[in-house]
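Chemist: From the sequence below, what's the structure:
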Amino acid sequence: MTDCSSSLSRLVVVGANHRSSSLIIREKLVADGDTVARLLGRLKDVGLGCAVVIATGDRLEVLTLHDSAAAVTEIVTRAFAETAELELNDLTGQLFIFEGEEAARHVFAVTATLDGLIPGDPHVRDQVRSGHELSVTAAMSTPELDALIGAADEIGERVLLESGIAARPASLATAAVHLAKDVHGDLSSCTCLMLGAGDMGELLARHLHRFGLTEFILVGEAANREEHLAQQLGGRIVPMDGLAEALTQADILVSSLGTRGSLITSEMTEAALKQRKQRQILLFDAAIPGDIERAVGELEGAFLYDLNDLENLVMEGRMESNTALEAAWEIVESGLMSYVRGEDDAREIPVIGVLRQRLEILRGDVLAQPQGANAGSATALFMEKILKDLSGQLHAENSERSAGSMEATLRRLFGLTGGKDR
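Modeler: Just a heads-up that it's a prediction; the model follows:
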């Protein structure tokens, strides 16, 4: 079993994300709470004594403390393959590895929503917290991992509140999410109608799903791609002749067929709006050529955006987004420095460790005397107070020339040897 009572130098993160892995692999690795719990169990069974699994829509990664990053990589690769029913070869070149301070920086960046497909996605912090909670429940966390996740979460909150990173869309998909929230607010009560399953339409639908939209209707043939997408999004498929009826149920329409004809006409949309008692419909035409008649956008209660419209929104916000990203990274780097400095301060200076051993010998001599057992707690408290005061003074003097002379004096006073590496 791995000893997890360690420091920053033993921190390792291994995983798959949008930078390291193909979409096909990431889709197979997508994990819910039950999958994460099973993965934690596998890791524990093979001897990884502590781990936090972070699972989001575009990543699955394991954070742990270990002496060997290579050993962790082998363990995690096997656990991923078994959990996702993949061959080991399928994961060759698909995983990233970070160690030490770089691993801590990565955790800070993920929690601050800077390392995902959607910068500023507030759900990521919740997913990191959920992964940590599962680890705590499974007795797979440690005080060191708790402290890291806690520090990263605080910085993540600062980033979202202070940087403005979530204020402007950084991609077509995030622009669609922003518009959907502007029109409908909470997406969890909305229904999305998908006309076709083209690449861009699927991308928009997946992002809407990540931000809370759970009700999907797919119009078209029950082909493999539509069936697969319907299963993943929790939707249902209706035939093409049911399009007009399905439109009456749609709060959001995503169309990506591109059949060189206006499948969604103003007359059809107007009829749907009447049946919906003018409840608004947001329509995304992600097809080239478009599937939706432009006149639809002139109807009261209908909001039509094509790919050009979404691109314009992204371009308007790009300058502000770049500024926000810079501000966010400054917050992360500042928070990381504080965390690392705190980690360094928590480490025992070598001379203090040697002095602790010497005092333990003296304390043992005291306890060996008659009535010595009754003095046990008192001597222990006395030792800790002396060592804490000395350690604090040495840390305070660490950048001063006097630190070396203080240590030399301690060694002479107590006849100490060893522990000279600073």
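
Chemist: So what's the residue count around Leu263?
Modeler: Residues near Leu263, counting by other Cβ atoms under 10 Å, number 19. Glycine gets a C-beta too; all of them are placed from N, C-alpha and C.

Chemist: scratch that, Gly364 is what I was asking about
Modeler: Burial measure for Gly364: 11 neighbouring residues, criterion other Cβ under 10 Å.

Chemist: And it, how close does it get to Leu160?
Modeler: For Gly364, the distance to Leu160 (Cβ to Cβ, to the nearest Å) stands at 53 Å.

Chemist: so who does the closest residue to Leu91 other than its chain neighbours touch?
Modeler: In this structure, Leu91 finds its nearest non-sequential neighbour in Thr77, 5.3 Å apart by Cβ to Cβ, 6 or more residues apart in numbering. Taking Cβ atoms under 8 Å, 6 or more residues apart in numbering, we find Thr77 in contact with 14, 88, 91, 95.

Chemist: low pLDDT regions in the stretch 301-422 of the chain?
Modeler: By pLDDT under 70, the low-scoring segments of the stretch 301-422 of the chain are 316-322, 343-356, 358, 362-363, 365-407, 410-422.

Chemist: what about 90?
Modeler: Within the stretch 301-422 of the chain, the stretches with pLDDT under 90 are 306-329, 337-422.

Chemist: Ala271 reaches Leu243, doesn't it?
Modeler: No. Between Ala271 and Leu243 there is no contact under Cβ atoms under 8 Å: 11.7 Å.

Chemist: And these two? Which one has more around it.
Modeler: Higher neighbour count among Ala271 and Leu243: Leu243, with 18 against 14, using other Cβ under 10 Å.

Chemist: what about that one, which SS state?
Modeler: Of the three states, Leu243 takes helix under DSSP: H, G, I helix; E, B strand; the rest coil.

Chemist: got the phi/psi numbers for the closest residue to it other than its chain neighbours?
Modeler: Take Leu243 and drop its neighbours on the chain: the residue closest to it by Cβ to Cβ, 6+ apart is Val219, 5.2 Å away. When read as degrees, to the nearest 10, the backbone of Val219 gives phi -100, psi 130.

Chemist: again with Ile292
Modeler: Ile292 adopts backbone torsions of phi -120, psi 130, taken as degrees, to the nearest 10.

Chemist: And Val14, by the same measure?
Modeler: Dihedral angles (degrees, to the nearest 10) for Val14: phi -130, psi 130.

Chemist: count of neighbours near it?
Modeler: Residues near Val14, counting by other Cβ under 10 Å: 25.

Chemist: Surely it is in contact with Leu91?
Modeler: No. In this structure, Val14 is not within contact of Leu91 by Cβ under 8 Å, at 10.5 Å.

Chemist: Show me what the helix or strand containing Cys192 is packed against.
Modeler: Using DSSP states H and E, the element containing Cys192 is strand 191-195. Other helices and strands packing on strand 191-195, by 3 or more Cβ pairs under 8 Å, 6 or more residues apart in numbering; DSSP states H and E, are helix 199-210, strand 215-219, helix 243-247, strand 252-255.

Chemist: For Leu63, which of these is the nearest?
Modeler: Nearest of the helices and strands packed on strand 191-195 to Leu63, taken as Cβ to Cβ: helix 199-210 at 21.7 Å.

Chemist: dump the residue contacts of Leu253.
Modeler: Per Cβ under 8 Å, 6+ apart, neighbours of Leu253: 192-195, 247, 264, 281-284, 292.

Chemist: and of the residues you listed, the nearest to Leu65?
Modeler: Nearest to Leu65 among the contacts of Leu253: Cys192, at 42.3 Å, using Cβ to Cβ.

Chemist: Give me the spatial nearest neighbour of that closest one, chain neighbours excluded.
Modeler: Among residues not flanking Cys192 along the chain, Ile252 sits closest, at 4.6 Å (Cβ to Cβ, 6+ apart).

Chemist: Please tell me how far the residue nearest to Leu243 sits from Gly290.
Modeler: 16 Å.

Chemist: Looking at those two now, which is surrounded by more residues?
Modeler: For Val219 versus Gly290, neighbours defined as other Cβ under 10 Å are more numerous around Val219 (25 against 22).

Chemist: beta partners for the more buried one?
Modeler: Leu195, Val238 (DSSP bridges).

Chemist: what's the answer for Glu99, then?
Modeler: Counting by DSSP bridges, Glu99 is bridged to Val12.

Chemist: give me every residue that touches it.
Modeler: Glu99 makes contact with 11-13, 69, according to Cβ under 8 Å, 6+ apart.

Chemist: quick check, nearest of the residues you listed to Phe211?
Modeler: Val13 (25.7 Å).

Chemist: Go through the contacts of Glu99 and name the one nearest Ser334.
Modeler: Comparing these against Ser334 with Cβ to Cβ places Leu11 closest, at 19.2 Å.

Chemist: Can you name the residues that contact the closest one?
Modeler: 63-65, 99-100, 103-104, 144, 148.
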